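Participant: Mind looking at a prediction? Sequence and model below.
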Amino acid sequence: MASVASSTGNPGSSSSTSEVEETLARIQSHKGVEGVIILSRDGATIQSTLNEDQTAAHAALLSQLASKAHNMVETLDVDDELTFLRIRSHKREVMVAPDKDYLLVVIQNPHATE
């Protein structure tokens, strides 16, 4: 399992930082999870369990996709909002949970046996 690498020096209480790290570790421990990324809404990496190159590639593409999905949902119904985005291919599944200020991204192999 990859270690959690922080890309920013956001100040915050150590208890909230440890809660985030515990949550990332819990998600990462699920079968098939290959990586977890926390992004700001504009695509800046806050924390990631992937290496720097993988994080940069996923962050740029997924923040744009989440923004487009959000705009689509809002265009179709102004009283609705995007709550979850799931993309599945033959090899990977990418799940994006948007929040007001952040995006939580989980990348997993749906065929993993461990």
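Facilitator: Received, thanks.
Participant: list the contacts for residue 69?
Facilitator: 82, 85 (CB atoms under 8 Å, 6 or more residues apart in numbering). The C-beta positions use only the backbone N, C-alpha and C, and glycine is treated the same way.
Participant: part of a strand, is residue 23?
Facilitator: No: counting by DSSP: H, G, I helix; E, B strand; the rest coil, residue 23 is not part of a strand but helix.
Participant: So, low pLDDT: which residues of this protein?
Facilitator: 1-15, 114 (pLDDT under 70).
Participant: Repeat the analysis, applying 50 as the threshold.
Facilitator: Along the chain, segments meeting pLDDT under 50 span 1-12.
Participant: Show me the strands in it, by range?
Facilitator: For the chain, strands defined by DSSP state E occupy the ranges 5-6, 33-40, 45-48, 85-88, 93-98, 102-108.
Participant: The ones you listed: which one's closest to residue 70?
Facilitator: Among these, the nearest to residue 70 by CB to CB is strand 93-98 (6.6 Å).
Participant: Paired strands for that closest one, with orientation please.
Facilitator: Paired with strand 93-98 in the same sheet, following DSSP bridges, are strand 85-88 (antiparallel), strand 102-108 (antiparallel).
Participant: can you list the strands of the chain in TSV and add distance to residue 23 and mean neighbour count?
Facilitator: Below are the strands of the chain laid out as TSV (distance: least, CB to CB, whole Å; neighbours: other CB atoms under 10 Å):
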stretch	distance to residue 23	mean neighbour count
strand 5-6	14	14
strand 33-40	9	21
strand 45-48	10	21
strand 85-88	19	13
strand 93-98	12	18
strand 102-108	9	20
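Participant: Reformat these as CSV; add distance to residue 69.
Facilitator: As requested, the strands of the chain are exported to CSV (distance: least, CB to CB, whole Å):
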stretch, distance to residue 69
strand 5-6, 27
strand 33-40, 14
strand 45-48, 20
strand 85-88, 5
strand 93-98, 8
strand 102-108, 11
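Participant: Select, out of the strands paired with strand 93-98, the one closest to residue 58.
Facilitator: That would be strand 102-108 among these, by CB to CB, at 6.6 Å.
Participant: roughly how far out does stretch 101-113 sit from the chain middle?
Facilitator: Relative to its parent chain, stretch 101-113 has a centroid offset of 7 Å by CA atoms, centre = their mean, to the nearest Å.
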